[in-house]
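[1] Build me a model:
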Amino acid sequence: LAGDNSFGSAAMAKIAWVGVGVMGRHMASHLLEAGHQLSLFSRTPSKCEPLVQRGAQLANSPREAAHEADIVFTMVGTPSDVEKV
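    Numbering: from 1, shown residues only. Okay, here's the model as predicted:
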């Protein structure tokens, strides 16, 4: 999104983030800090808690996380995980 002005100067994206592990947690954190609305899903919901405490929303499924998102990121570990999402 850096340098991309397609959302306008004042609008922020609604982002769905699926996979809040070691790498995903930090990347999602940067988006939240930038002011984007973040909807999260993780198979281990407790991994989302630090981000939820800072304003992210916890979803019950990848579908729920992505429902109203402008952008969907997946950060999962294996090909079988990708197929499940």
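[2] make it CA atoms for all contacts and neighbour counts henceforth
    OK.
[3] tell me the centre residue of this structure?
    Of all residues in the chain, the one closest to the mean position by Cα atoms, centre = their mean is residue 17, 2.1 Å from it.
[4] For the longest helix belonging to the chain, buried residues please.
    Longest helix of the chain, by residue count under DSSP state H: helix 22-33. For helix 22-33, a neighbour-count test (16 or more other Cα atoms under 10 Å) marks 24, 25, 28, 29, 31, 32 as buried.
[5] One more: stretch 43-62?
    47, 48, 51, 52, 55, 56, 57, 58, 59, 62.
[6] Quick one: residues in contact with it.
    18-21, 25, 29, 32, 37-42, 65, 85 (Cα atoms under 8 Å, 6 or more residues apart in numbering).
[7] Compare those and tell me which is most surrounded.
    residue 40 (30 neighbours; other Cα atoms under 10 Å).
[8] Name every strand pairing with the strand or helix carrying that one and say which way it goes.
    Using DSSP states H and E, residue 40 sits within strand 37-41. Next to strand 37-41 in the sheet, as set by DSSP bridges, lie strand 14-18 (parallel), strand 57-58 (parallel).
[9] Please export the C-alpha coordinates of the helix or strand that that strand is followed by as PDB.
    Using DSSP H and E, the helix or strand that follows strand 37-41 in sequence is helix 49-53. C-alpha atoms of helix 49-53 as PDB (Å, rounded to 0.1, in the frame of the first residue of the first chain):
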ATOM      1  CA  GLU A  49      -5.000 -11.300  21.400                       C
ATOM      2  CA  PRO A  50      -2.200  -8.600  21.400                       C
ATOM      3  CA  LEU A  51      -3.600  -7.300  18.100                       C
ATOM      4  CA  VAL A  52      -7.200  -7.400  19.300                       C
ATOM      5  CA  GLN A  53      -6.200  -5.400  22.400                       C
END
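[10] average pLDDT for helix 49-53?
    For helix 49-53, the mean pLDDT works out to 96.
[11] 32 is where my numbering starts, stick with that
    Sure thing, new numbering starts at 32, so read that last one as helix 80-84.
[12] Distance from the chain centre to that helix, please.
    12 Å (Cα atoms, centre = their mean, to the nearest Å).
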